[in-house]
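Chemist: predicted model and sequence follow; I will ask about them next.
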Amino acid sequence: MKKLLIFLFIAVVAAAIFISTINLNKYAPMVEKAVYSSTGYIIKIKKGIHISVFPLGVKVSSIAVKNPKSFYKNDIATIGALYVEFNPLDVVFSHNAKINAITIKGLKLYIVKNKDGVLNILPLKKKQKGSESSSNKGLLIKRITLKNAYIEYRDLKSKKSIYIANIHLKAKIKKKQEEDVYKSIALKGDIAFDTFKINRLAAVSDFKADFSMKNGLFDISPMKYKFLDSPVSGSFSVDFESGGLTEIKQKVDKLNLEKLSKALYQKLKLKGFLKMNLDIYFNLENAAKTLNGSFAADGKNIVIIGKDLDKVIDGFQKTGNINAADIGSFFIVGPLGMLADKAYSAGYAAEGLESGKTYIRRLFVKVKIKKGRGYLSDVAFSTKKNRIAAKGVLNFITSRYENVRVAVLNKAGCAVIVQRIDGSFSHPKVEVGRSVAKNIINKIGSFFRKLEKAVGIKKAKCKIFYKGVVKQP
């Protein structure tokens, strides 16, 4: 028995030495040519192909994929090393190419959309009919691992960019003999990355999540990450069997508004924390029109540096004049801007800023979203002296404000100053009724105060604009 073990050990070592001496570099040009003939992309294997023994497989080092001539970067992707592990018995006895695992290290992927709207990652040559179905049956991969990957996306027309750095991914794959492509594949794994940037703004960091796919349902849960160093938790799912029904749930208990203002605005400064909750669902084929769900935000003791809103309102009550952006812009760059992301305008954030501070005792936002429209069901905030509320609709289908009105309220919840926000999310307009500006105070303010003092009248009636969570200071 001892001699047999020694013989087997020597045989395994000899086989390993023999396999390691096999030179596969001569096949590199054949691989490069095969890829080009099937996709139209030029790849270059710079450091060659080698056989690894434990585990048995192939290692391809330093791979580059060239961009088409119409794109600005030299490479679509570069790969530090590609490891392909396989069982030799499957190669000998199975008609299918079974791969135990693929490991990709040091991937750098540059996705570019040129000014004509064409993506550089799309295949340059079309596959022949029947080739896709046959390849799906012939190639089986059990595990995929991604280590230290970097992905960059650029839109050359809009000049928008997205960066994801230090990505790590592990996925186990099971394949069944099903006609439905979504039911035929089952996934289970985890993903993590260090940084996610939009236009070089480091918004998301320390992302970690588990993911799975079964019977056409792709699910990322639990999902944890930091948004501007504020912890966020949630989930994301897509049901491909239901036409791409997508559900997104995100919750943050303490969003740091000071870091948010530094990231988004040049002059406007905020201090304080905000609790936010997003729960939406939509269909991928027509996301805007099928958008439903809710958005909520709640915060106390928030400070806005650069404008004293109470002073602005006092000045209006004395003179009847007000800058159109003074009150409405607070909602555009604040509660409404959280949903209408294109409204984060540096111009609106800076307009009218001077000196002073606005102390917000309570900010509350509740928006119900139905069929692509966000209805402002309870949106208001209170300062030291005033309570301000908003009504109307955010149309996500057309990206416009619909009859959005912002009002300064009296104790009864009636409007004493009204401004209207109209136009697109990217170029909103804030207007106040100039011809009736002074009459607003005279008729709604002084008139009702006189009535309240009249004999037999304890409380004057008026049309209620707001009766939500935020109370009068």
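Modeler: Cool, got the structure. Numbers count the residues shown, from 1 in each chain.

Chemist: and the strands in the stretch 351-473 of the chain, which stretches?
Modeler: Assigned strands in the stretch 351-473 of the chain, in chain order: 357-370, 373-382, 387-395, 400-409, 415-424, 428-432 (criterion: DSSP state E, counting those that start in this stretch).

Chemist: can I get the ones you listed in JSON lines with mean neighbour count, mean pLDDT and distance to Asn286?
Modeler: Every residue, glycine included, has its C-beta placed from N, CA and C. Compiled in JSON lines, those are given as follows (neighbours: other Cβ atoms under 10 Å; pLDDT from 0 to 100; distance: least, Cβ to Cβ, whole Å):
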{"stretch": "strand 357-370", "mean neighbour count": "19", "mean pLDDT": "91", "distance to Asn286": "15"}
{"stretch": "strand 373-382", "mean neighbour count": "21", "mean pLDDT": "92", "distance to Asn286": "14"}
{"stretch": "strand 387-395", "mean neighbour count": "21", "mean pLDDT": "91", "distance to Asn286": "15"}
{"stretch": "strand 400-409", "mean neighbour count": "20", "mean pLDDT": "87", "distance to Asn286": "18"}
{"stretch": "strand 415-424", "mean neighbour count": "20", "mean pLDDT": "82", "distance to Asn286": "20"}
{"stretch": "strand 428-432", "mean neighbour count": "19", "mean pLDDT": "70", "distance to Asn286": "25"}
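
Chemist: which of those sits closest to Ile43?
Modeler: Comparing the strands of the stretch 351-473 of the chain by their distance to Ile43 (Cβ to Cβ), the top pick is strand 415-424, with 44.1 Å.

Chemist: give the pairing partners of that closest one; include direction for each.
Modeler: Note on strand 415-424: by DSSP bridges, its sheet partners are strand 400-409 (antiparallel), strand 428-432 (antiparallel).

Chemist: in TSV: the ones you listed, plus distance to Asp314.
Modeler: Conversion of the strands paired with strand 415-424 to TSV gives the following (distance: least, Cβ to Cβ, whole Å):
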stretch	distance to Asp314
strand 400-409	11
strand 428-432	16
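
Chemist: out of those strands, which is closest to Asp116?
Modeler: Proximity of the strands paired with strand 415-424 to Asp116 was assessed by Cβ to Cβ; the nearest stretch is strand 400-409, lying at 27.8 Å.

Chemist: skipping adjacent residues, who's closest to Asn256 in space?
Modeler: If the residues on either side of it in the chain are set aside, Asn256 comes closest to Ser230, at 5.1 Å by Cβ to Cβ, 6 or more residues apart in numbering.

Chemist: what helices or strands is the helix or strand harbouring Ser212 leaning on?
Modeler: Element membership of Ser212 [criterion: DSSP states H and E] is strand 201-214. Contacts of strand 201-214 with other secondary structure elements, assessed using 3 or more Cβ pairs under 8 Å, 6 or more residues apart in numbering; DSSP states H and E, are made with strand 185-198, strand 217-227.

Chemist: bridging residues for Ala380?
Modeler: Going by DSSP bridges, Ala380 forms beta bridges with Phe364, Ala389.

Chemist: pLDDT score for His50?
Modeler: We note a pLDDT of 76 for His50 in this prediction.

Chemist: how close does it sit to Lys463?
Modeler: Summarising the geometry, the distance separating His50 from Lys463, computed by Cβ to Cβ, to the nearest Å, is 80 Å.

Chemist: so those two - more neighbours on which side?
Modeler: His50 (16 against 9; other Cβ atoms under 10 Å).

Chemist: show me where pLDDT drops low in the stretch 101-250 of the chain?
Modeler: In the predicted model of the stretch 101-250 of the chain, residues 122-139, 176-183, 200, 202 satisfy pLDDT under 70.

Chemist: helices of that one, residue ranges please.
Modeler: Assigned by DSSP state H, counting those that start in this stretch, the helices in the stretch 101-250 of the chain fall at 131-138.

Chemist: circling back: tell me how many other residues crowd the residue nearest to Asn256.
Modeler: As a burial measure, the neighbour count of Ser230 was computed by other Cβ under 10 Å and equals 18.

Chemist: correct me if wrong: it contacts Leu255.
Modeler: Yes - at 4.9 Å, Ser230 counts as touching Leu255 under the criterion of Cβ atoms under 8 Å.

Chemist: so Gly374 bridges to which residues?
Modeler: Ile369, Leu394.

Chemist: quick one: residues contacting it.
Modeler: When the contact criterion is Cβ atoms under 8 Å, 6 or more residues apart in numbering, the partners of Gly374 are Phe295, Leu339, Val367, Lys368, Val393, Leu394, Asn395, Phe396.
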